[in-house]
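J.: Got a predicted structure here, sequence first:
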Amino acid sequence: MVSTLAFDLGASSGRAVVGHLDDGHLAIETIYSFPNEPVWVHNHLYWDVLQLLHKIKQGLITAHLKGYGDIQSIGIDTWGVDFGLLGTNGELLGNPYHYRDPHTRTTMEEVEQFVPRQELFAQTGIQFLSFNTLYQLYALQKVASPLLEKAETLLLMPELLRYFLTGERMSEWTIASTTQLCDPHMRTWNLALIEKLGIPSHLFSQPVPAGTIAGKLLPKVAEEVGLDTLPVIAVAEHDTASAVAAVPADHAEFAYLSSGTWSLIGTEIAEPMLNDAALELNITNEGGINGTVRLLKNVTGLWLIQECRRIWRNEGKQLSYEDEGMLIAKSAPFQAFIDPDDPMFLAPAHMPRKIQQYCHQTGQPIPESEGALLRCIVESLALRYRFVLERIESLIQKRFAGLHIVGGGSQHAALCQYTANALGRPVWAGPQEATAIGNLLVQLIALGKIKDIQQARQIVRHSFPLVTYEPGDRAAWEQAYKTFLTVTKAN
Ligand code: LFR
C-alpha cells in the first residue's frame, strides 16, 4: 500500500485528503477541512493566505497525529489566476487579491484598446474573464503599484503555498496557463505579450509540467508538524486540471463538467483551438496533464447558491442540503430563468435580491421564496450547460454520448437530473472529491506507482461509485430551453 496527501483548496473551503493505493484500488479519507473566507478591507477583497498556510500545517499535524507518518508525498491544488508577489528577500509583499475584487472591473476594455481581442486570444488561447491575472497585473501596473515595483517573483496561489512549505520558487504549467499570459503552443510564458503590457518579465520562471517533484518540506516546517522532510510534488496545481485528471472516463474523448463554485464545462484535446469560432464562443485552452489542453468554458456555478446561503444564514435561516432539495422539488418548474454568467452575479452580493432584480428587468415572475430562487438557479444552470456543451460540440465537430459531472455538484441530485433533462442525454455523476483525487493520482504517477493517466482514470472508475441520471421530461425541457434562450439573449 502507498499513501499520499492532497491539499485541495477551493474558493470557499479547503481539505486535506489522504489517499491509499492498494492493489489498484484507491481509498480516500478527508482528515481535515476548513473554510476559506476572504476578507474585505475597505473596498478590496483579499485572501487570508497566512491563515490558509496555517490550515495546511494543521492538516499536516493531523496526518501525523492519525499515524500517517508513512505518506510518501504532498501536493497542493487551488483555484486559478490569483497570485502573491515576493520581494528580494523572498518575503510576501501584501495580501493576494481575491479574483472577485472590483479593481479589475474595467481593465479588460482598457487592455483591448491596445492589444486587440483577436491578438490576445491568438497569443494566449484563454477565455476573457475580467479577473484573469493579466488584468490584475495590468491594474497594478497602471497605478504604479509599489508592490509590483519591488516584486522579484510572482507565484500563483498553489505555488505560493508550496513555496511556504519548501522554500523553492517554481512555476507549474496547469496553473500558469490560467493567467492569460502564456503561449498555449510553447507551454510557457508569453514574454513578448508580458512586455507589451508593461508587466515586468523577470517575475516569471519557466513552468514545470504537472507531476514534477518540486522540493521537500523545509526542516523547520517538518519539525513544526511532526513529519519527515517529505517530497512536495507540483501536481496539476490548478484545481480544475486536477479534477479533469480524475474524470472516470473510459474513452479518450469525453465531456466533463467540474462542478463547484464554478462550473467548468469542456473536453480534453491535444492542441489548442484558436480559430475565430473559439474566440467567438469565448472559450479557454488551459493546460492539462501530459501536455493536453483543457478546452473548456467557465460558467458560473454553485456560487449563486453559496451566496444565497450566506445571505439566508445572516438572516438566521440555516437550510440543510436536504431542506434545499425538498424546497426545490416543491417549487413550480420553469417560472423564471437567469443567465448565470451575467456580470451582475460576479461580485459577492445579496444574491436573492440580484436574482429578483434580473427577473424584474427581464419581465419575468419574481421568485420570492427560497425554493423558487433555488429552483430558478438550478434550472438556469442546467440550461446554460446545454447551451455551452452544444457550442463546444459544434466547435470540435463531435457529439458526446453524455456528460461526466465531477466535484461537489455531482452530489446535487436536482442539478444532475435537470442537466440530464436539459441535455437529453445521460449524466454520470461522481466522484465528488475529483479534485483531491486528481491531486493524489498525479502524485502517484510522479512516484512511479501508477503507470499513466489512462491507468489513473481506470483506478477512479473502479474505486468510486458513479450515479447515472437518465434524461426525462423531454418536451417540457425543450420548451424551457427555448424560453431560456430568449430571456438570456443567448446566441
Ligand atoms: C475553479 C477555478 C476555475 C477558475 C476560477 C477562478 O475553482 O479554478 O477554473 O477559472 O476558479 O480562479
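T.: Perfect, thanks for sending it. For clarity, every value in this text was computed on a predicted model and none was experimentally measured.
J.: ok, the residue of the stretch 251-400 of the chain found nearest the ligand to L374 distance?
T.: Of all residues in the stretch 251-400 of the chain, W262 sits closest to the ligand, at 4.3 Å by C-beta to the nearest ligand atom. C-beta: built from backbone N, CA, C; applies to glycine. Per C-beta to C-beta, to the nearest Å, W262 is found 18 Å from L374.
J.: And these two? Which one has more around it.
T.: The neighbour comparison of W262 against L374 (other C-beta atoms under 10 Å) goes to L374, with 25 against 21.
J.: how about the residues of the stretch 51-200 of the chain that lie near the ligand?
T.: Counting by C-beta under 6 Å from any ligand atom, the stretch 51-200 of the chain comes close to the ligand at W79, G80, V81, Y99.
J.: 5 Å instead, please
T.: For the stretch 51-200 of the chain, the residues in contact with the ligand (C-beta under 5 Å from any ligand atom) are W79, G80, V81.
J.: Correct me if wrong: K57 contacts V225.
T.: Yes - with contact defined as C-beta atoms under 8 Å, K57 counts as touching V225 (5.6 Å).
J.: These two: which has the busier surroundings?
T.: Neighbours were counted for K57 and for V225 using other C-beta under 10 Å; V225 has more, 19 against 15.
J.: Can you name the residues that contact the residue nearest to that one when sequence neighbours are not counted?
T.: Using C-beta to C-beta, 6 or more residues apart in numbering and skipping the chain neighbours, the partner closest in space to V225 is L60 (3.8 Å). When contacts are counted by C-beta atoms under 8 Å, 6 or more residues apart in numbering, L60 touches L5, A16, I74, L217, V221, V225, G226, L227.
J.: go on, L217?
T.: Here L217 is in contact with L60, I74, L165, T166, V225, L227, D228, T229, L230, V232 (C-beta under 8 Å, 6+ apart).
J.: Quick check on those: which are buried?
T.: For these, a neighbour count by 16 or more other C-beta atoms under 10 Å gives the buried set as L60, I74, L165, T166, V225, L227, L230, V232.
J.: In strands, which of these appear?
T.: For the buried ones among the contacts of L217, the ones inside strands are I74, V232, with DSSP state E as the criterion.
J.: Narrow the buried ones among the contacts of L217 to those in helices?
T.: Per DSSP state H, helices hold the following members of the buried ones among the contacts of L217: L60, L165, T166, V225.
J.: Contacts only, for the second one.
T.: Taking C-beta under 8 Å, 6+ apart as the contact definition, L165 lies against I56, I74, I76, G215, L217, L218, V221, V232.
J.: quick check, nearest of those to the ligand?
T.: The nearest one, if we look at the contacts of L165 relative to the ligand and count by C-beta to the nearest ligand atom, is I76, at 13.2 Å.
J.: Now do the SS call for that closest one.
T.: Secondary structure, DSSP: H, G, I helix; E, B strand; the rest coil: I76 is strand.
J.: Would you work out how far apart the start and end of stretch 269-287 are?
T.: Chord length of stretch 269-287, first to last residue, is 10 Å (C-alpha to C-alpha, to the nearest Å).
J.: who touches that stretch?
T.: In contact with stretch 269-287 (C-beta under 8 Å, 6+ apart) are residues 80, 117-118, 121-122, 125-128, 173-174, 176-178, 182, 184-185, 187, 238, 240-241, 266, 292-298, 391-392, 394-396.
J.: Just the buried residues out of those residues, in PyMOL syntax.
T.: Remark: buried members of the contacts of stretch 269-287, expressed as a PyMOL selection using 16+ other C-beta under 10 Å:
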select buried, resi 80+121+125+126+127+128+173+174+176+177+178+182+184+187+238+240+241+266+292+293+294+295+296+297+298+391+392+395+396
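J.: ok, the closest residue to the ligand within the stretch 351-491 of the chain - contacts?
T.: As assessed by C-beta to the nearest ligand atom, the ligand sits closest to T435 within the stretch 351-491 of the chain, at 8.1 Å. Going by C-beta under 8 Å, 6+ apart, T435 touches D8, G10, D77, D239, T240, S242, A243, A246, S258, G260, V406, G407.
J.: Dump those residues into a markdown table; add distance to E286, pLDDT and secondary structure as well.
T.: A markdown table is the format used below for those (distance: C-beta to C-beta, whole Å; pLDDT from 0 to 100; DSSP: H, G, I helix; E, B strand; the rest coil):
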| residue | distance to E286 | pLDDT | secondary structure |
| --- | --- | --- | --- |
| D8 | 18 | 98 | strand |
| G10 | 17 | 96 | coil |
| D77 | 13 | 98 | strand |
| D239 | 11 | 98 | helix |
| T240 | 7 | 98 | helix |
| S242 | 12 | 98 | helix |
| A243 | 12 | 98 | helix |
| A246 | 16 | 98 | coil |
| S258 | 11 | 98 | strand |
| G260 | 16 | 95 | coil |
| V406 | 16 | 98 | strand |
| G407 | 16 | 97 | coil |
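J.: how about those residues, which pair is most distant?
T.: Spanning the widest gap among these are G10 and A246, at 14.6 Å by C-beta to C-beta.
J.: more neighbours, those two?
T.: The residue with more neighbours, out of G10 and A246, is A246; 31 against 18, by other C-beta under 10 Å.
J.: so that one touches R461, yeah?
T.: No - the pair A246 / R461 is not scored as a contact, 10.2 Å apart, by C-beta under 8 Å.
J.: where does this structure have low pLDDT?
T.: For the chain, residues meeting the criterion pLDDT under 70 lie at 491.
J.: before we move on, the earlier item: tabulate the residues of the stretch 51-200 of the chain next to the ligand in JSON lines, adding columns for secondary structure and distance to I28.
T.: Listed next are these as JSON lines, based on DSSP: H, G, I helix; E, B strand; the rest coil; distance: C-beta to C-beta, whole Å:
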{"residue": "W79", "secondary structure": "coil", "distance to I28": "21"}
{"residue": "G80", "secondary structure": "coil", "distance to I28": "23"}
{"residue": "V81", "secondary structure": "coil", "distance to I28": "27"}
